[in-house]
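A.B. asks: My questions are about this predicted structure, shown below with the sequence.
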Amino acid sequence: MTAIDEILNRFPKHRPALPPAQQSIYEKEYLSNREGANLVSSLAQKLESWMHKKVGDHVTGGRLLELGAGTLNQVPYLQHQKMAFYDVVEPGKFLYQESQYKERIRHFFDDIEECTDIYDAIFSIAVLEHVQSLPAVLAKMGLLLSEGGVCVNAIPSEGGFLWGMSWRLSTGLAYKLRTGFSYGTLMRHEHVNTHDEIIALHKYFFDRVTLGSVEYQDSQIS
């Protein structure tokens, strides 16, 4: 069995359940975090804005699809785009129902499998670490791309030492003090995929993958 076969066999993944009391505050805390409603989440949002900007810099064409659009906070970073249409995949309706950018979206989908149009750019910001059926989603992204289209995905270094230390000393500590619950339990529930798994699957499904300034061709990633 090859390394990529071993990774593919891990999917679909199963999300560990949250304790009932922690689940009861899930939506409120999730929305608060996405909106930067407290000091620590506000600082995290400022750091995440860098990812939004970098993704916006690489989005091309007018037919756009965003995966896991959340509160639609990527929209302001695409003001320069001459859009034909902007679709999003976001099953969490509570996230975008009050968004000021809602009217700019053509279609809202619960699942990428509902999408049938062809897109010039498909993109996501801090989403793929959450996806339980990641190989199927990446394959679908490839099928929906136009000739010469781009797929742009920003992800955290999930599974790395520095990433783990950073959330334990910032958002994790603040969450524990605010709610009394373990942020580690929440992270294990939310982040089911590691950085290395996500990168390996990109190299498997796409002919050309660029990480930062390093480009990988199909012949290098067999």
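C.D. replies: Looks like it came in fine. Numbers count the residues shown, from 1 in each chain.

A.B. asks: immediately after the helix or strand of the chain with the lowest mean pLDDT, which helix or strand?
C.D. replies: Lowest mean confidence among the helices and strands of the chain (mean pLDDT, DSSP states H and E): helix 161-168, at a mean of 56. Per DSSP states H and E, the first helix or strand lying C-terminal to helix 161-168 is helix 171-179.

A.B. asks: What score does Val214 have for pLDDT?
C.D. replies: Note on Val214: pLDDT of 75.

A.B. asks: er, Pro91 actually
C.D. replies: Pro91 is assigned 96 on the pLDDT scale.

A.B. asks: Not counting residues beside it along the chain, what's closest to it?
C.D. replies: Leaving aside its chain neighbours, Pro91 sits nearest to Asp110 (4.5 Å; criterion: Cβ to Cβ, 6 or more residues apart in numbering). (C-beta placed from N, C-alpha, C; glycine too.)

A.B. asks: so that neighbour sits right up against Val88, yeah?
C.D. replies: No: Asp110 is not in contact with Val88 according to Cβ atoms under 8 Å; the separation is 10.5 Å.

A.B. asks: out of those two, which sits in the more crowded spot?
C.D. replies: Val88 (24 against 11; other Cβ atoms under 10 Å).

A.B. asks: if I look at the residue nearest to the spatial centre of the chain, how far off is Leu144?
C.D. replies: Nearest to the mean C-alpha position of the chain, by Cα atoms, centre = their mean, lies Val127 at 1.3 Å. Here Val127 is placed at a distance of 16 Å from Leu144 (Cβ to Cβ, to the nearest Å).

A.B. asks: What count of nearby residues applies to Val150?
C.D. replies: As a burial measure, Val150 scores 16 neighbours (other Cβ under 10 Å).

A.B. asks: so where do the helices sit in the chain?
C.D. replies: Assigned by DSSP state H, the helices in the chain fall at 3-8, 20-24, 26-35, 39-58, 93-96, 134-144, 161-168, 171-179, 183-190, 195-205.

A.B. asks: any idea of the mean pLDDT for the last one?
C.D. replies: To tie it back to what came earlier, the one meant is helix 195-205. Regarding helix 195-205, the rounded mean pLDDT is 95.

A.B. asks: got it, and stretch 6-16?
C.D. replies: The average pLDDT within stretch 6-16 is 96.

A.B. asks: what does that stretch contact?
C.D. replies: 1, 132-136, 185, 188-190, 192-193, 197, 200-201, 204 (Cβ atoms under 8 Å, 6 or more residues apart in numbering).

A.B. asks: Between the two ends of it, what distance do you get?
C.D. replies: For stretch 6-16, the first-to-last residue distance is 21 Å (Cα to Cα, to the nearest Å).

A.B. asks: what do you get for stretch 55-71?
C.D. replies: 16 Å.

A.B. asks: tell me which residues in that stretch are buried?
C.D. replies: Buried residues in stretch 55-71, counted by 16 or more other Cβ atoms under 10 Å: 55-56, 59, 61, 63-71.
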